[in-house]
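Q: have a look at this fold, sequence not included:
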């Protein structure tokens with residue numbers, strides 16, 4: 001009965017972790033390109049489907065398109081993104097160099113991380129409210145007893161606490177990663 005709500009909470013945490021994967025920490029991480037779509041024959045296509053992305057050095061990403069004609073389109077997509085990086089190309093490959101983050105920029109990123117974490121916690125609490133409303137309706141309809149209502153409310157609260165804890169850990173981990181020079 002409560003599994004659908006637990007699935008929603010799991011998806012909320014996974015979504016947050018996916019967002020965190022796209023936040024750059026001063027070192028090259030291919031995941032920051034996950035949200036970038038490249039025009040390929042008129043269709044916005046994820047970059048991972050059009051090129052091989054490698055990390056030759058700690059602060060460098062190399063994008064090797066499978067078709068040489070894609071170099072310009074990939075460059076354009078990177079320039080139009082919110083990454084704030086300028087691509088360099090050697091005719092075949094695109095190279096992205098990641099500058100060292102300033103302390104001020106690191107603090108801004110951590111603020112953003114915490115804000116996204118708070119939004120995820122709000123989503124978890126909304127799921128808790130929906131679950132509690134559902135079991136209260138069941139109790140009113142006579143489908144479950146008052147004892148079962150209390151037991152399920154306790155389970156829902158424990159589930160909520162567990163997922164809020166996971167979100168707190170994710171916030172802490174990503175914040176530490178960003179602030180570590």
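A: Good, I have the coordinates. Being a predicted model, the structure only gives us computed values, none of them experimental.
Q: ok, then the element right after the strand or helix carrying residue 104?
A: Taking DSSP states H and E as the criterion, residue 104 maps to helix 103-140. Following helix 103-140 in sequence order, the next helix or strand is helix 146-179 (DSSP H and E).
Q: report the distance from that following helix to the chain centre.
A: 18 Å (CA atoms, centre = their mean, to the nearest Å).
Q: count of residues packed around residue 53?
A: Other residues near residue 53 come to 19 when the count uses other CB atoms under 10 Å. In short, each C-beta sits where N, CA and C put it, glycine included.
Q: any stretches of the protein with poor pLDDT?
A: 24-27, 181 (pLDDT under 70).
Q: kindly report the domain assignment for it.
A: Domain assignment for the chain by automatic domain parsing gives 3-20+102-179, 27-97.
Q: thinking again about what came up before, what is the helix holding residue 104 packed up against?
A: For helix 103-140, the packing partners by 3 or more CB pairs under 8 Å, 6 or more residues apart in numbering; DSSP states H and E come out as helix 3-21, helix 146-179.
Q: in it, what's buried?
A: For helix 103-140, a neighbour-count test (16 or more other CB atoms under 10 Å) marks 106, 109-110, 113, 116-117, 120-121, 123-124, 127-128, 131-132, 135, 138-139 as buried.
Q: residue 14: how many residues sit nearby?
A: 11.
Q: stretch 138-146: how far from the chain's middle?
A: The mean C-alpha position of stretch 138-146 is separated from the chain mean by 38 Å, CA atoms, centre = their mean.
Q: next, the distance between the ends of that stretch.
A: With CA to CA, to the nearest Å as the measure, the ends of stretch 138-146 fall 10 Å from one another.
Q: who touches that stretch?
A: 135, 148-149, 152 (CB atoms under 8 Å, 6 or more residues apart in numbering).
Q: show the buried residues in those residues.
A: Among these, those classed as buried by 16+ other CB under 10 Å are 135, 149, 152.
Q: surely the first one meets residue 155?
A: What that stands for is residue 135. No - contact criterion CB atoms under 8 Å: residue 135 and residue 155 do not qualify, at 9.4 Å.
Q: wait, doesn't residue 23 sit right on residue 34?
A: No - with contacts defined as CB under 8 Å, residue 23 does not count as touching residue 34, sitting 11.0 Å away.
Q: give me the more crowded residue out of those two.
A: residue 23 (17 against 14).
Q: the more buried one in helix, strand or coil?
A: coil (DSSP: H, G, I helix; E, B strand; the rest coil).
Q: would you mind giving the helices and strands packed on helix 103-140 as a markdown table with distance to residue 98 added?
A: A markdown table is the format used below for the helices and strands packed on helix 103-140 (distance: least, CB to CB, whole Å):
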| stretch | distance to residue 98 |
| --- | --- |
| helix 3-21 | 15 |
| helix 146-179 | 13 |
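Q: and those: which comes nearest residue 52?
A: helix 3-21 (18.8 Å; CB to CB).
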